[in-house]
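Peer 1: Sequence first, predicted coordinates after that:
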Amino acid sequence: MQDRPVQDRRCSLLGWRWILLVVISYLIGLGSLALSLRHNLGFPLDDSWIHQEIARNLVQHHSFGFTPGITSSGSSSTLWTFILSLNYLLFSTHSPVFFPLILNSILLIISGVLLWRMAVLDGLPLLYVLALALLPALSGNYVWLAFIGMEHVLFVTLSLLAILLWFRETASDAAIHPSDGALRSSLLAGLVLGVLGATRPEGLALSLLLFALARWCGRSFADVLRAGAVAVLLLIPSFLLNLKTSGSLLPMTLRGRRFLFSGTDKLHVGRSTVRGLTIETYQKVIQHNFFHTTRGWAMLFVVLAFYGCFVLLRRFPRRTGILILWATLHYASYCFTLPATGHGGRYQPFVLLLFPALLAIASFDLIAHALCLFRSRGNALLLPALLLPVQTLALVAVAALTAMTLPRWSVALGESIYNIDHCHLKMAEYLNDHYPAGTKMGVFDIGTIGYFSHIDLIDLGGLVDRNYLPYLLSGRVPQYLQEKEVDYIILAHNGPEGALDGTGGVTRFGDALHLFNNPALRLEEIHTEAIDYSTWYSSYLYTQHAYQDQTLYRIVRVSPQGKAAAANPDRPPVD
């Protein structure tokens, strides 16, 4: 049993004054980004509106899916959709932006409190505790997740809670929380793990990790059976829904996104996927989004962060060490399921959460080792006295470096919302003004247009209809559109179709869908909504929110004799 002073220290650090410090820190971070919402309320991603549309359909049409009245896919998070549906049950007259923003803000604060608790119970030094719990509050990229209206903050918070519950408290910890028991805590851990898996499918990997580490976490085989049984019971409804909507245990959105990023829906494990995700993480999330540079010196900080992982893992088995293992496993899972960082790095939330803290922790350890090297008989008392002040300066430096991301992400958030509202939303308003309700249209970016327009939307991205995916993979999208009697499509692009965007990539989705250079049809441009390039590009580099233009085309099918089908006399004039 540990000394009484150690127990007193832990009780003191878990007191309300320290928790208040954590809460205030996250409120500052949230407030910094919230400034961009003045006269600019909305979501910074088109995908955010996909969740809103499915949640609204669940309440208004009593069906789970993007298409009203039809059970279908479109959401990667079963639980989050049901949570958002509460907004349409209880607060239907308010903006759909407020409910997820308030909920995610609360969850963001709770994640900071859980990190604080995790570090204190692990017996980490105070500066380590401050770094782990407070630095994420100053990371603009991590705080930004609270504003996108999606499930990633919930996923992080549930992960932290599951680790805390699964790690069996020692005798000294029990003095702080005597009510803990193996039965109760294992059942609660299973409950959280089940909810985590329903939040995002990759949450299942945390269950496997914790069960494999049961012995090091102070858990018995009976605890594993109890927790596993509870988790499975909660996951069964999500699995059954996925089977109905996508024909597999995983949501169909995973296959659709995989095709978008890699051109295939097949899983692939190899050097190319690992290298691709690693390079993208470094260049987008670390180099640009955190340091706002293209210089190679950022790699030094990546090495420093890896050393920070090693510092925490040296204390294994500890809760923070398990967190590092879970972050590593989560990242590795994306190397073969979906090798991409996602919009604004949202597929890699643990990188956003831990990177600044790992920099600080690595600095603390290196400073301690450096002072030990210079210890001698003459300065044996002086150098230990310098340790805390120098480490504190290192924490302040990393905090300042991290806080510099807040104003940049505030601007990126505001501009991304502006771009979605003045491109996608404007296109939806144009469709409502010029086309009757129920007009069938194929759309690639389905979120905002699907939520605000009254058209009968046909998804072209492979997220909704599982029967569409074989057409997409085999290059038969024109056949699918003809079978669905679709005469109009809306494609996203940057500038002229096929032009290179600012990142050097071709954005000709029409080619990928075999709609251009197709002798059986031609596309007749009707209307385009676009964003000023400089406004679009500056925010796109941070969030990859959407492409610059949305263009509406009429599909003109050409007969084998080379004659176009008769024009529709009721169609609106071309702009």
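Peer 2: It's in.

Peer 1: rest of the way, CA atoms for contacts and neighbours
Peer 2: Fine.

Peer 1: pLDDT weak spots in the stretch 101-250 of the chain?
Peer 2: By pLDDT under 70, the low-scoring segments of the stretch 101-250 of the chain are 169-180, 249.

Peer 1: ugh, wrong one, the chain
Peer 2: Those would be 1-4, 6, 74, 169-180, 249, 252-272, 375-383, 495-508, 560-575, if you go by pLDDT under 70 across the chain.

Peer 1: Name the residue closest to the centre of it, please.
Peer 2: residue 346 (2.8 Å; C-alpha atoms, centre = their mean).

Peer 1: And that residue, its phi and psi?
Peer 2: Residue 346 adopts backbone torsions of phi -70, psi -20, taken as degrees, to the nearest 10.

Peer 1: ok, now which ones touch it?
Peer 2: By C-alpha atoms under 8 Å, 6 or more residues apart in numbering, the contact set of residue 346 is 145, 152.

Peer 1: what number of residues lie near residue 190?
Peer 2: 27 (other C-alpha atoms under 10 Å).

Peer 1: Just to check, it is in contact with residue 225?
Peer 2: No: under the criterion of C-alpha atoms under 8 Å, residue 190 makes no contact with residue 225, lying 9.3 Å away.

Peer 1: is residue 523 in a bridge, and if so with what?
Peer 2: residue 555 (DSSP bridges).

Peer 1: ok, it touching residue 556?
Peer 2: Yes: using C-alpha under 8 Å, residue 523 is in contact with residue 556, at 6.0 Å.

Peer 1: can you tell me how far residue 538 sits from residue 146?
Peer 2: 21 Å (C-alpha to C-alpha, to the nearest Å).

Peer 1: which non-adjacent residue is nearest residue 295?
Peer 2: residue 287 (7.7 Å; C-alpha to C-alpha, 6 or more residues apart in numbering).

Peer 1: Outline the domain layout of this structure.
Peer 2: 4-403, 408-557 (automatic domain parsing).

Peer 1: could you pull out the strands for the protein?
Peer 2: Counting by DSSP state E, the chain has strands at residues 440-443, 456-459, 488-493, 521-530, 549-557.

Peer 1: As TSV, the ones you listed with mean neighbour count and distance to residue 416 would be great.
Peer 2: Compiled in TSV, those are given as follows (neighbours: other C-alpha atoms under 10 Å; distance: least, C-alpha to C-alpha, whole Å):
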stretch	mean neighbour count	distance to residue 416
strand 440-443	22	20
strand 456-459	21	23
strand 488-493	23	16
strand 521-530	18	13
strand 549-557	22	14
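
Peer 1: and residue 157, which of these is closest to it?
Peer 2: strand 456-459 (31.8 Å; C-alpha to C-alpha).

Peer 1: now could you export just the CA positions of the closest one as CSV?
Peer 2: Extracted as CSV, the C-alpha positions of strand 456-459 are listed here (Å, rounded to 0.1, in the frame of the first residue of the first chain):
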residue,chain,number,x,y,z
ASP,A,456,-35.5,13.5,-54.9
LEU,A,457,-31.7,13.1,-54.4
ILE,A,458,-29.8,10.1,-55.8
ASP,A,459,-26.4,9.7,-54.1
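
Peer 1: How far does it sit from its chain's centre?
Peer 2: A distance of 25 Å separates the centroid of the chain from that of strand 456-459, by C-alpha atoms, centre = their mean, to the nearest Å.

Peer 1: Which of the residues in stretch 152-172 are classified as buried?
Peer 2: 152-169, 172 (16 or more other C-alpha atoms under 10 Å).

Peer 1: Centre of the chain to it, how far?
Peer 2: So, by C-alpha atoms, centre = their mean, the centroid of stretch 152-172 is 19 Å from its chain's centroid.

Peer 1: Next: stretch 324-334.
Peer 2: 14 Å.

Peer 1: Give me the contact list for that stretch.
Peer 2: 202, 205, 206, 209, 309, 312, 313, 340, 348, 350, 351.

Peer 1: how far away is residue 111 from residue 208?
Peer 2: 22 Å.

Peer 1: who's more crowded, those two?
Peer 2: residue 111 (27 against 12).

Peer 1: Leaving out sequence neighbours, find the closest residue to the more buried one.
Peer 2: That would be residue 157: by C-alpha to C-alpha, 6+ apart, it lies 4.9 Å from residue 111.

Peer 1: contacting residues around the one you found?
Peer 2: Residue 157 neighbours (C-alpha under 8 Å, 6+ apart): 107, 108, 110, 111, 114.

Peer 1: Among the residues you listed, pick out the one closest to residue 302, please.
Peer 2: residue 111 (23.5 Å).

Peer 1: Please list all residues in contact with the closest one.
Peer 2: 156, 157, 160.

Peer 1: The last one contacts residue 116, correct?
Peer 2: No: using C-alpha under 8 Å, residue 160 is not in contact with residue 116; the gap is 10.6 Å.

Peer 1: And the helices in the stretch 251-400 of the chain?
Peer 2: 252-262, 271-280, 298-313, 319-337, 349-373, 382-403 (DSSP state H, counting those that start in this stretch).

Peer 1: Redo these as TSV? Include mean neighbour count.
Peer 2: As requested, these are exported to TSV (neighbours: other C-alpha atoms under 10 Å):
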stretch	mean neighbour count
helix 252-262	20
helix 271-280	15
helix 298-313	18
helix 319-337	20
helix 349-373	21
helix 382-403	16
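
Peer 1: Out of those, which gets nearest to residue 493?
Peer 2: Closest among the helices of the stretch 251-400 of the chain, once you apply C-alpha to C-alpha, is helix 252-262, at 14.0 Å.

Peer 1: follow-up on the earlier one: which one of residue 538 and residue 146 is surrounded by more residues?
Peer 2: residue 146 (24 against 16).

Peer 1: could you measure residue 148 against residue 123, distance?
Peer 2: 35 Å.

Peer 1: Compare neighbour counts for those two and give me the winner.
Peer 2: residue 148 (27 against 17).

Peer 1: ok, the more buried one touching residue 41?
Peer 2: No: between residue 148 and residue 41 there is no contact under C-alpha under 8 Å: 11.4 Å.

Peer 1: Count residues in the vicinity of residue 444, would you?
Peer 2: 21.

Peer 1: Now do the contacts for the closest residue in space to it that isn't next to it in sequence.
Peer 2: In this structure, residue 444 finds its nearest non-sequential neighbour in residue 460, 4.8 Å apart by C-alpha to C-alpha, 6+ apart. Counting by C-alpha under 8 Å, 6+ apart, residue 460 touches 442, 443, 444.
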